[in-house]
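Participant: this is a predicted model, with the sequence first.
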Amino acid sequence: MINPWCLLETNISFFFLFTEDSLGDQPLYTGATITLAASMILIISFAMRHALTGEALADLLVLLELHCLSPNLCSRNLRTFMNFFSSLKSPLEFHYYCEKCLVYHGTEKQNMCQKCGTATKKRTTSYFLVIPVVSQLSSLFADGTLIQHIKDYKSSVEKRDDRYLSDITDGRLYKERFQRDGYFQGSTPLEKEQLHISFQMNTDGVSLFRSSNFSIWPVYFVINELPPHLRFSRSNRIFAGLWFGYSKPDFGTFLRPFAESLHDIYLSGLLVNGLRIRGILLNGVFDAPARCLFQNMVQFNGFHGCPYCFIPGKTFKTSERGHSLVYPFNMDSANGHHELRTHTVQTQQGQQAEMNKTNGGGSVYGAKGLTWFHFLPHFDIVRGTSLDYMHCVLLGVMKMLMTLWFDKSHRNEPFSISLRISEVDRRLMQVKPPSFISRLPRSLAEVTHYKAAELKNFLLFYSLPCLFGVLPDDQYHHLTLLVYAIYSMLKDRISAEDIHDSRKKVMEFVLNLPVLYGERYLTSNIHLLLHLTDKVEDLGPLWCSSCFYFEDFNGQLRRLFHGTQSIETQIAFAVCVHQKLPQMSAFLQYGSCEKDFFKKMMEKKTQSTKEVITDNISVVGAYYGGRLTDTEQYLLSTTVGQWETVSFFNRVCIGNQLVHSKQCKTTTRRNNTIVRYRNGNMHFGQVEHFLKVKTQCPPHCASSYNKTVFYAIINVMNIVAGVADMTRSTSHMHMVPLQSPTGQLAVVPLQDICDVCICASVHEDLHFVSVLPNRIEKE
C-alpha cells in the first residue's frame, strides 16, 4: 500500500505565511462560519495531537468533506491538504556527505567525492537535514513575548541569593561567561544594547523500528535564559536537524553546520525588530555513547574513557576468558578521582591525536582528535559537557544495583535478596503514588523493562521503605548515601552545605561499593558519580541538564512518523509545523470556538476549577453538603469562631499539585491525601475534609460583613522515633518515618498546606513519606 504521507514533496515549506492571493480567509463553503485557513490549522493540530497515521488523516479529510455543503474548499485528499502549506518559504536544507568516507560536501550534491573518489549515486540518501537555527530564533522572537520573558528572567537571576543554586544560570560556568547584569563578560556599553543568551544542546539516536537498525539522530537546542517551564516546552524548543540511516553519524560531518551556525550567532547574531541578539553554546547533554562521539573520545569502556578526569582504568578478570574495565577509587586524591581534564589540555591532546592519525598512532589519554566544538567561542568541551543523571545514575547505577539484589544469578551472594523479592514486591505494589507521578509502580518481575522515570521513583521514594528490614544493614545504609546525595542535587534550591554533604556521601558510596558488592562493579557509571557535585556547581541542579526533557521530545518524534517511506521528510515537516502552530493561531479569532478547540489540542488537560481562592489555590470540582462530628465542630469553632454555613469539597489545586480529601473516591490507585503542612513547625497528616466556611459576626459586632474562609481538617501522623537511628540515616534525609493517622485532628488553612507527599508503607503502622525535590522536572 502506498503511504499517503509520502505524497509530501521535499520542498514543502515550514513557516506558515498566508499570502494575499490565497484562499485562506475565504469561508469553507457558502454560509460557513469557519474559514479555509482556520479549518486547515484545526485539522493539522488534531492530527498531531492524536498522532494520526497518513491513512487516518486521508480518511478524516474525506469524512469532513462529506459533512460540508457543496461546492466547498475542503481538501479531498492528502495531496491537496499538503499543497495548502506548499506556499510557505522552506528553510529546510539538505547537507550532503560521501557515503563511503563520510566527508562533508555541503549543501550542493557533488558528483564525486574529492577525498576518496567515490562517485555519488543519482538517488543518494547520503544527506542529513538542517532547519537553520537563525530562522527558528527569528520566528520564536518575532512577537517579542519570549524576549520579554528572557529579560524578566535575567532580572530575577540578578536578584537571587548567591549562596544557593536554583538553576543553570547560578552555575559557575554561566557566571564565568555572563556578568551579573546578564551580558557577556567584558561587554562594551554598545554591546549592552543587545540581548545575550546561551543554548543547551542535545542529540541522541532514536530507534524507530523493532525489526530494523534504522535510527534517527535529531539535534535540539533550548534557550537557558527562559524560565524552566518555558525553556523545555514543546513550542520553544529548537529542532535544528536530523541525521537518519542504519549507522551512527560521523559527528565531524553531522555537527559541522550547527557549529558554524553557533559561531555566527555569537559573532554577528540576528536582528529582530531592531534588537540584536547574540548567543553562545553553554552546555550539551548526551548519553554515554553520544558524549564520546561529541567529545571525540574513546568509549566509556576503554582506557582513559572518563570525559572529566585522567583515570586510566584497569582490567578486571571476571572469568577464565572474560574481563571488564573498572575504575577504582583513587585513594591518593581528596575527591576520589584523578586530575581533572581542562579544555586547553583536551584541545592539545586532540591535536596530537590528529597528528598521530597520519602515522598510524592512536588516541592521546582518551582523546581521538578534534571536533568543531573545540574552537567554538566560549564553549568548554570538558566542563560544558553535562553529566546526565538519567543515564548515569538511573539507567546505570540504580539498574545495576536492582539486578544485583533481585536477579537469581546472584542468589549466593551476601547482598542478594532474590529469595525475598515477593516481600519487596508486595510493598511496592501497595504504593499509591500521587497523581503527579504519572507511572504506577510495576512488579519487580519486570525490572529489566523499567523506564528511567520508574527507576527514579524507586530510587528516591520507594527503595528505602520497600527494602527496610529486607536488604542487609550494610547495603541498606550504603543505599541511603546514594538516595540522599541524588535527592539533594535535584532540589530547586541547593546550598553549599548540600553540595558538601552530597560530595561526602557519594565518595563514601563509591569507596564502599567494592567492599559490599565486588570490585568488578566499579563501572564507568559508578566512577562518574564522583564528578556529579562538580557538575552541579558548574551547571546547576541535575534537572537543569537532564536527558529527560529531550527523551520526551524524542517520544513525540516517534509518534510523528507514518510508515517506512520518506521518514526523515515526514518528521521534519511535522515538527516544523508543530513548532509554528502557536503562531498560526493568530488567524483564529480570540474567544471563538475555533480558538478554544485549538487551545485544547495544543495544551495538556487541566483540572476544571470551581473557585479561585488565591493566585495558586483553586477549588476543583463541586461543593456539597455534609455534617461535622462534634469534635470537628469544636475544633472549627476554636479556630474561626462562629460560622453561618459550611460546605464540603473533595479536591483542591495548590500550586501545581492536586490534593484530595479522604472522602474523594474518584481513584483507587492514587493517594493525594497525605500532606506536609505548617502549624508552627512542619507536620504531616491525612486530609479528612476540605471546608468552605462562611463566618458569622458575633452579636456585639457592629459590622454585618461575613467572611468566607477555606480550611482542611487533617488527621495528624506522628514521626516514629528511632527509625532514623535504625537505618543509620542522616537527620537531613528527605524521607520521614510516620505512624498511621492517630485520630488527632487539626484545622489548617489551605495556604498552610505545603506539599502532597509520596507515601510508601512498610507495615500498617510504619510509613515513609517524602516530597518532590523540585516541582520543575516532569516525568
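Facilitator: Structure received. Numbers count the residues shown, from 1 in each chain.

Participant: list the buried residues of stretch 33-50.
Facilitator: For stretch 33-50, burial by neighbour count (16 or more other CB atoms under 10 Å) applies to 34-48. Placement of C-beta: from N, CA and C, glycine included.

Participant: restricting to C-alpha, output that stretch in PDB.
Facilitator: The C-alpha coordinates for stretch 33-50 follow below in PDB (Å, rounded to 0.1, in the frame of the first residue of the first chain):
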ATOM      1  CA  THR A  33     -18.600  30.200  10.000                       C
ATOM      2  CA  ILE A  34     -15.100  28.800   9.600                       C
ATOM      3  CA  THR A  35     -12.500  29.900   7.000                       C
ATOM      4  CA  LEU A  36     -10.300  27.600   5.000                       C
ATOM      5  CA  ALA A  37      -7.200  28.700   6.900                       C
ATOM      6  CA  ALA A  38      -8.900  28.000  10.300                       C
ATOM      7  CA  SER A  39     -10.100  24.600   9.100                       C
ATOM      8  CA  MET A  40      -6.500  23.700   8.000                       C
ATOM      9  CA  ILE A  41      -5.000  24.800  11.300                       C
ATOM     10  CA  LEU A  42      -7.500  22.800  13.300                       C
ATOM     11  CA  ILE A  43      -7.200  19.700  11.200                       C
ATOM     12  CA  ILE A  44      -3.400  19.600  11.400                       C
ATOM     13  CA  SER A  45      -3.400  20.300  15.100                       C
ATOM     14  CA  PHE A  46      -5.900  17.500  15.600                       C
ATOM     15  CA  ALA A  47      -3.800  15.100  13.500                       C
ATOM     16  CA  MET A  48      -0.700  15.900  15.500                       C
ATOM     17  CA  ARG A  49      -2.300  15.800  18.900                       C
ATOM     18  CA  HIS A  50      -3.700  12.300  18.300                       C
END
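
Participant: which stretches in the stretch 551-700 of the chain count as helices?
Facilitator: Remark: helices assigned in the stretch 551-700 of the chain by DSSP state H, counting those that start in this stretch are 567-584, 593-602, 630-640.

Participant: measure the closest residue to residue 33 other than its chain neighbours to residue 598 for me?
Facilitator: Among residues not flanking residue 33 along the chain, residue 27 sits closest, at 7.7 Å (CB to CB, 6 or more residues apart in numbering). As judged by CB to CB, to the nearest Å, residue 27 and residue 598 stand 18 Å apart.

Participant: look at these two and report which has more neighbours.
Facilitator: Neighbour comparison, residue 27 and residue 598: the larger count goes to residue 598, with 22 against 16 (by other CB atoms under 10 Å).

Participant: picking up where we left off before, lowest mean pLDDT across the helices of the stretch 551-700 of the chain, which one is that?
Facilitator: Lowest mean pLDDT within these: helix 567-584, at a mean of 62.

Participant: for the chain, which residue is closest to the average position?
Facilitator: Centroid-nearest residue in the chain: residue 549, 2.5 Å away (criterion: CA atoms, centre = their mean).

Participant: in what helix or strand does it lie?
Facilitator: helix 547-558 (DSSP states H and E).

Participant: elements contacting that helix?
Facilitator: strand 206-207, strand 215-223, helix 452-457 (3 or more CB pairs under 8 Å, 6 or more residues apart in numbering; DSSP states H and E).

Participant: if we use 7 Å, what do you get?
Facilitator: strand 206-207, strand 215-223 (3 or more CB pairs under 7 Å, 6 or more residues apart in numbering; DSSP states H and E).

Participant: residues of the helix ranked longest in the chain that come out buried?
Facilitator: Ranked by residue count, the top helix of the chain under DSSP state H comes out as helix 496-516. For helix 496-516, a neighbour-count test (16+ other CB under 10 Å) marks 498-499, 501-503, 505-510, 512-514, 516 as buried.

Participant: same question for stretch 439-458.
Facilitator: Within stretch 439-458, judged by 16+ other CB under 10 Å, the buried ones are 441-442, 444, 447, 450, 452-458.

Participant: cool, stretch 396-405 as well?
Facilitator: 396-399, 401-402, 404-405.

Participant: tell me the helix or strand right after the longest strand anywhere in the chain.
Facilitator: Using DSSP state E to define each element, the chain has its longest strand at strand 681-695. Once the chain leaves strand 681-695, the next helix or strand it forms, by DSSP H and E, is strand 708-717.

Participant: now what about that next one, what contacts it?
Facilitator: Contact partners of strand 708-717, identified using CB atoms under 7 Å, 6 or more residues apart in numbering, comprise 613, 632, 640, 675, 677, 683-695, 738-750, 753.

Participant: ok, the closest residue in space to residue 49 that isn't next to it in sequence - contacts?
Facilitator: Closest residue to residue 49 in three dimensions, ignoring its sequence neighbours and counting by CB to CB, 6+ apart: residue 601, at 4.4 Å. Contact partners of residue 601, counting by CB under 7 Å, 6+ apart, are 45-46, 49.

Participant: going along the chain, name the helices of the stretch 1-150 of the chain.
Facilitator: 36-49, 54-66, 78-83, 133-141, 145-158.

Participant: save the ones you listed as TSV, and put in mean pLDDT and distance to residue 758 too.
Facilitator: Putting the helices of the stretch 1-150 of the chain into TSV (pLDDT from 0 to 100; distance: least, CB to CB, whole Å) gives the following:
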stretch	mean pLDDT	distance to residue 758
helix 36-49	85	30
helix 54-66	89	39
helix 78-83	74	46
helix 133-141	91	36
helix 145-158	95	29
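
Participant: columns distance to residue 660 on top of the ones you listed, output as TSV?
Facilitator: Converted to TSV, the helices of the stretch 1-150 of the chain look like this (distance: least, CB to CB, whole Å):
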stretch	distance to residue 660
helix 36-49	28
helix 54-66	37
helix 78-83	44
helix 133-141	38
helix 145-158	33
